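[1] Can you look at this prediction? I've put the sequence above it.
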Amino acid sequence: MAGKKYRAALGRINRQERYPLEQAMRLVTETPAAKFDQTVEIAVRLNVDPRQADQNVRGTVVLPNGTGRRARVLVLARGDKEREAREAGADYVGAEDLIKRIQEENWLDFEAVVATPDIMGQVGRVGRILGPRGLMPNPRLGTVTQDVARAVREIKAGKVDFRVDKAGVVHAPLGKMSFGADKLLENAHALLAAVLRAKPASAKGNYVKSIALASTMGPGVKVDLGVARAAA
């Protein structure tokens, strides 16, 4: 059974209505259902078939106000690139030694992985471990690069990777409740713009089918789709 705070939050929301984005965000941030600093997330249902390779929507965006979470970054590189990664603030830097640790110990004490192109042959050995967790470095996401310092700084600044799931939905964090509605709105606009830019050429009809916001412990709030048309 839902708790008292959840029911109180739910009582302020018309579950059948689609609210303008600003109003939806204020409903989410003004009706906290928990005492801790919750994460506010967005869910965007797309009119795509993720089973088709050309409709597997994926991309990145650096949220203007960050995510409120300090991501631990692993950089797999050699030589000067190791030094550059450390100076940029990478939490773990190495090459074959760390790949071996992942392979033998199932070590996953990080939220992002950056690698230089020359080491990707060795990284492939742990693809079955990193891939399902969304941690495999990818050139399209900027995590296979010679500019490891830039990649580390972007991740630390609040870079978010997004990918449509099997149900055709993109889920992404927008930040913490403590950010306040205005900063969360800025992040939401940036995320929606990135999802729209990632629209596949083969996508037909209305690309965005629905949008919803929710805090970690709070009810979902539906968003009017006019925000997607305005960002297009």
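    Now that the structure is in, tell me what you want to look at. Computed from a prediction, not measured in an experiment: that's the story for all the values here.
[2] Can I take it that residue 127 is in a helix?
    Yes: counting by DSSP: H, G, I helix; E, B strand; the rest coil, residue 127 is part of a helix.
[3] Near it, how many residues? Count them for me, please.
    13 (other C-beta atoms under 10 Å). Where C-beta positions appear, they are placed from N, C-alpha and C, glycine not excepted.
[4] Residue 43 - how many residues pack around it?
    For residue 43, using other C-beta under 10 Å, the count is 17.
[5] Which residues outside stretch 179-193 are in contact with it?
    Contact with stretch 179-193 is made by 21-22, 25-26, 28-30, 40, 42, 44, 61-65, 68, 160, 162, 172, 174-175, 211, 213, 227-228, 231, as judged by C-beta atoms under 8 Å, 6 or more residues apart in numbering.
[6] What's the PyMOL line that selects buried ones from those?
    Selection of buried members from the contacts of stretch 179-193 for PyMOL, criterion 16 or more other C-beta atoms under 10 Å:
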select buried, resi 21+25+26+28+29+40+42+44+61+62+63+65+68+160+162+172+174+175+211+213+227+228+231
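[7] my read: residue 47 touches residue 202, true?
    No: using C-beta atoms under 8 Å as the test, residue 47 is too far from residue 202 to be in contact (11.2 Å).
[8] Per the annotation, how does this protein divide into domains?
    Listed by automatic domain parsing, the domain ranges of the chain are 17-66+159-231, 73-157.
[9] Stretch 133-143: end-to-end distance?
    Stretch 133-143 has an end-to-end distance of 15 Å (criterion: C-alpha to C-alpha, to the nearest Å).
[10] Buried residues, it. List them.
    For stretch 133-143, by 16+ other C-beta under 10 Å, it's 135, 136, 137, 138, 141, 142, 143.
[11] okay, who's weakest in the residues you listed by pLDDT?
    In terms of pLDDT, the weakest of these is residue 141, which scores 87.
[12] contacting residues around it?
    58, 59, 60, 161.
[13] In which helix or strand does the residue positioned nearest the centre of the chain reside?
    Centroid check for the chain by C-alpha atoms, centre = their mean gives residue 160 as the closest residue, at 3.7 Å. Applying DSSP states H and E as the criterion places residue 160 in strand 159-163.
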